[in-house]
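Colleague: One predicted model, sequence on top.
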Amino acid sequence: MIKRKQWLLVGLILLAAMIAIAFSQLPPNWFSPDDLVNLSSVLTLVSFTVQSILALRFLAIGAQLIFIPYCLLQSPPLWTPAIWNVLFLAVNVVNVILLLLARRPVALNPDEEQLYNLAFKSLNPREFLKLLSLGSGEREKLEKLSSFQVNATPVSQFSAEVKRFPLQTGQNR
């Protein structure tokens with residue numbers, strides 16, 4: 001794992017060096033801020049075509065990271081769209097983190113795994129754990145309620161008047 005991270009770091013350094021050399025060979029007026037808005041728009045367009053929500057979020061983050069400098073390089077700076085895009089960027093980053101956390105593998109203890117294999121194979125393990133957590137919360141509430149002494153009237157002593165109303169259909173109107 002550490003070697004993998006080291007190779008990744010070396011690769012990023014080499015990529016940065018190659019980009020720096022390539023940019024040093026360009027003429028002085030090669031860059032226009034309009035290029036940023038065009039690139040941002042292309043990334044946004046591509047994000048609308050992908051099927052994966054995670055890929056869409058990553059493309060949207062890239063588009064926003066490119067569009068923010070465009071707004072700030074204008075004279076005068078376009079603060080309103082820049083601030084809005086910072087907000088959109090934050091929302092997308094949080095959602096990417098949540099999507100990645102949701103993709104983590106789920107660990108079931110032996111009892112849960114046996115129950116899952118017997119009756120809940122149609123659910124994915126994460127949905128099964130969510131279902132279990134709902135049930136465990138109700139069990140705790142019932143345990144708390146059962147510890148109280150309640151003087152309740154038996155159901156047999158209650159009476160209720162039931163009124164019947166005729167069922168109205170479209171023919172009787």
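Modeller: Yep, that arrived.
Colleague: mind checking the end-to-end distance for stretch 70-81?
Modeller: Criterion Cα to Cα, to the nearest Å; first-to-last residue distance in stretch 70-81 is 10 Å.
Colleague: Setting the sequence-adjacent residues aside, check what's closest to Ser41.
Modeller: Ala63 (7.5 Å; Cβ to Cβ, 6 or more residues apart in numbering). Just so you know, the C-beta spots here come from the backbone N, C-alpha and C atoms, and that holds for glycine as well.
Colleague: what sits against the one you found?
Modeller: Going by Cβ atoms under 8 Å, 6 or more residues apart in numbering, Ala63 touches 40-41, 43-44, 47.
Colleague: Out of those, which end up buried?
Modeller: Buried members of the contacts of Ala63, counted by 16 or more other Cβ atoms under 10 Å: 40, 43-44, 47.
Colleague: which parts of the strand or helix carrying Ala60 are buried?
Modeller: In this assignment (DSSP states H and E), Ala60 forms part of helix 53-73. Across helix 53-73, burial judged by 16+ other Cβ under 10 Å covers 56-64, 66-68, 70-71.
Colleague: how does this structure divide into domains?
Modeller: 29-102, 107-133 (automatic domain parsing).
Colleague: hey, least reliable of those domains by pLDDT?
Modeller: For the domains of the chain, mean pLDDT drops lowest on domain 107-133, to a mean of 84.
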